[in-house]
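Engineer: need a structure here:
(one chain, ligands or ions: 1)
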Amino acid sequence: MSKLVKERERGSLIVISGPSGCGKGTVIDGYLRTNRDHSWLSVSCTSRAMRPTDKDGVNYYFISKEEFEKKIKRNEFLEYTEYNGNYYGTPKEYIEERLASGIDVLLEIEVQGAMKVKELLPESIFIFIMPPSMEELRNRLVGRGTENIDSVFGRFKRAYKEINEYAKYNYVITNDEIDKAILKMQSIIISEKCRVDRIEEVYLANEEEEIHELLLDDKHFINKDVEI
Ligand code: 5GP
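Structural biologist: I've put the predicted structure just below:
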């Protein structure tokens, strides 16, 4: 059977932001659980200290400020930013390669970095994860117990600025129930794959020829008096 539609095979770059404590990592993990075969979460570099739950090379590549600055000079980042006194950056390496081979690349980055990606690669999909309320964000930030008071303060303060930028994204997911939030992310990405602008070609042959080939020459139609 000949295929009717040729879709773009290139993967999508999916940029996910949201204030610290909104649960974006949990939403992404949930999404990846069932989509890992065609998706890849980029691992950023950071100069922040490791948390007890962090694994080097999994959550981040943990490097010193000096190493980070050397990488900036060598132009190794797609984007980078300073957040709460530390550097965070997306290594360029592998991203293009993966997109070209049809893999979706997910970036979990803050708003300034996301806007840089928007300038460079505007066709990317931008998703903002919202906390259900500021009270809940506060509870999650304090409750997870990974940050000292200064860090919680800095993150909470920055959350107001970040939330005000939501309109620069294509989609907003409120993370009030984790399963619903994961389903919304899945739905957004599936819908994006069905966009008309992902269709490269529709192989529709000559109508008359094909009607003959597929219908009129068929035993069900032979000797029937049908006019095209
Ligand atoms: P955390 O210290 O909680 O792991 O991350 C702090 C913030 O930095 C989060 O909003 C996270 O999304 C963001 N972030 C992580 N990696 C990158 C990156 O490579 N670039 C940018 N711009 N932000 C990042």
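
Engineer: neighbouring strands for the helix or strand containing L107, and are they parallel or not?
Structural biologist: Taking DSSP states H and E as the definition, one finds L107 inside strand 104-108. Paired strands of strand 104-108, with direction, are strand 13-17 (parallel), strand 39-41 (parallel) (DSSP bridges).

Engineer: give me the contacts around the first one.
Structural biologist: Read it as strand 13-17. Strand 13-17 has contacts (Cβ atoms under 8 Å, 6 or more residues apart in numbering) with 24, 27-28, 95, 99, 104-111, 114, 117-118, 121, 123-129, 162, 169, 189. Heads up, the C-betas are built off the backbone N, CA and C, glycines and all.

Engineer: regarding the closest residue to G85 other than its chain neighbours, what is its secondary structure?
Structural biologist: Distances taken as Cβ to Cβ, 6 or more residues apart in numbering place G154 nearest to G85, at 7.6 Å, with adjacent residues excluded. Look at G154: counting by DSSP: H, G, I helix; E, B strand; the rest coil, its state is helix.

Engineer: can you start the count at 56 instead of 1 from here on
Structural biologist: Sure, I'll start numbering at 56, so the last one becomes G209.

Engineer: just to check, G209 is in contact with R103?
Structural biologist: No - between G209 and R103 there is no contact under Cβ atoms under 8 Å: 11.6 Å.

Engineer: give me the common contacts of the two.
Structural biologist: Overlap of the contact sets of G209 and R103 (by Cβ under 8 Å, 6+ apart) consists of N139.

Engineer: buried subset of the contacts of strand 68-72?
Structural biologist: Buried members of the contacts of strand 68-72, scored by 16 or more other Cβ atoms under 10 Å, are 79, 82-83, 150, 154, 159-166, 169, 172-173, 179-184, 217, 224, 244.
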